[in-house]
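Q: Sequence isn't available, so here's the structure alone:
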């Protein structure tokens with residue numbers, strides 16, 4: 001009997017550790033904590049992959065960039081993290097973001113502001129196709145622009161990749177991100193008439209702000225959130241000024 005209890009305890013402990021690890025790395029979709037918007041709060045949806053989720057960041061609940069962004073924006077805003085590890089913009093790639101329930105949840109949230117960063121996982125050798133990336137990413141942007149909430153949409157040029165131990169982690173390709181995806185995202189922003197936030201330039205040559213050469217660490221997440229915060233605040237102030245002129 002004692003052996004059975006010990007075995008069961010070990011199994012439950014192992015299962016718990018696996019679930020915790022999957023949660024930490026952003027692989028569990030069904031457990032994705034969301035804030036409920038109160039009356040008159042401006043709703044912000046942060047859409048993306050593991051970088052948005054906050055994969056590998058220390059003290060995840062506090063230091064993923066959407067949480068920091070919410071703290072910066074204050075009580076007039078409700079910010080939710082719709083990031084999902086390993087997801088792509090390309091629909092024919094290994095793990096398309098649009099196939100996931102989180103994508104639909106981000107639409108159902110009816111956000112006023114959308115912040116999208118996809119592309120890093122699209123750079124994988126078996127995924128990358130420039131024409132598909134531009135077309136499928138534009139469709140994602142359009143799906144948000146068509147919402148009744150008429151959100152302001154920002155697309156982010158992905159952060160640069162850095163080598164660790166002589167290679168880039170997670171099978172991502174630095175040359176594709178630097179030389180193709182970076183410019184594709186800017187092209188998408190122009191085509192869809194939305195604003196591009198250049199996270200690539202913000203983090204260029206700043207390897208110390210990344211935990212594994214791919215994901216920002218806690219300090220990097222703060223800088224990430226600060227850049228988005230400044231952009232949102234500047235645009236809101238501009239809207240207020242334009243309204244006064246009218």
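A: Now that the structure is in, tell me what you want to look at. Nothing here was measured: the structure is a model prediction, and the numbers come from that model.
Q: hey, which helix or strand in the protein has the poorest pLDDT?
A: The least trusted helix or strand in the chain, going by mean pLDDT, DSSP states H and E, turns out to be helix 2-24, with a mean of 45.
Q: ok, which stretches of the chain are strands?
A: Taking DSSP state E, the strands of the chain run over residues 42-48, 77-83, 113-117, 152-157, 195-198.
Q: Low-confidence bits of this protein, can you list those?
A: For the chain, applying pLDDT under 70 flags the ranges 1-32, 237-246.
Q: Would you enumerate the residues in contact with residue 210?
A: 159, 162, 203, 216-217, 220 (Cβ atoms under 8 Å, 6 or more residues apart in numbering). Placement of C-beta: from N, CA and C, glycine included.
Q: if we go to 10 Å?
A: Listed by Cβ atoms under 10 Å, 6 or more residues apart in numbering, the contact partners of residue 210 are 51, 56, 159-162, 164, 169, 203, 216-217, 219-220.
Q: Show me which of the residues you listed are buried.
A: 51, 56, 159-162, 169, 203, 216-217, 219-220 (16 or more other Cβ atoms under 10 Å).
Q: As CSV, the strands of the chain with mean neighbour count and distance to residue 175 would be great.
A: Formatted as CSV, the strands of the chain follow (neighbours: other Cβ atoms under 10 Å; distance: least, Cβ to Cβ, whole Å):
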stretch, mean neighbour count, distance to residue 175
strand 42-48, 24, 21
strand 77-83, 24, 24
strand 113-117, 25, 19
strand 152-157, 24, 15
strand 195-198, 17, 18
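Q: and residue 125, what does it touch?
A: Residue 125 makes contact with 171-173, 176, according to Cβ under 10 Å, 6+ apart.
Q: Any quick PyMOL command for the buried ones out of these?
A: Filtering the contacts of residue 125 down to the buried ones (16+ other Cβ under 10 Å) takes a single PyMOL command:
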select buried, resi 172+173+176
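Q: and which of the contacts of residue 125 is nearest residue 92?
A: Comparing the contacts of residue 125 against residue 92 with Cβ to Cβ places residue 176 closest, at 16.2 Å.
Q: How many residues are close by the residue lying closest to residue 227 once chain neighbours are set aside?
A: Nearest non-adjacent residue to residue 227, counting by Cβ to Cβ, 6 or more residues apart in numbering: residue 202, 5.5 Å away. Counted with other Cβ atoms under 10 Å, residues neighbouring residue 202 total 18.
Q: For residue 126, give me phi and psi.
A: Main-chain torsions, residue 126, degrees, to the nearest 10: phi -80, psi -10.
Q: And residue 211, how close does it get to residue 54?
A: The gap separating residue 211 from residue 54 is 10 Å, by Cβ to Cβ, to the nearest Å.
Q: Show me which of those two is the more surrounded one.
A: residue 54 (30 against 18).
Q: Chain neighbours aside, what residue packs nearest to the more buried one?
A: Per Cβ to Cβ, 6+ apart, closest to residue 54 is residue 64, 2.7 Å.
Q: ok, that neighbour touching residue 53?
A: Yes. Between residue 64 and residue 53 there is a contact at 6.5 Å, judged by Cβ atoms under 10 Å.
Q: The buried ones among the contacts of residue 210: which two are farthest apart?
A: Maximum distance among these (Cβ to Cβ): 18.7 Å, for 169 and 219.
Q: tell me the contacts of residue 185?
A: With the criterion set at Cβ under 10 Å, 6+ apart, residue 185 makes contact with 89, 116-119, 133-134, 137, 155-158, 177, 196-200.
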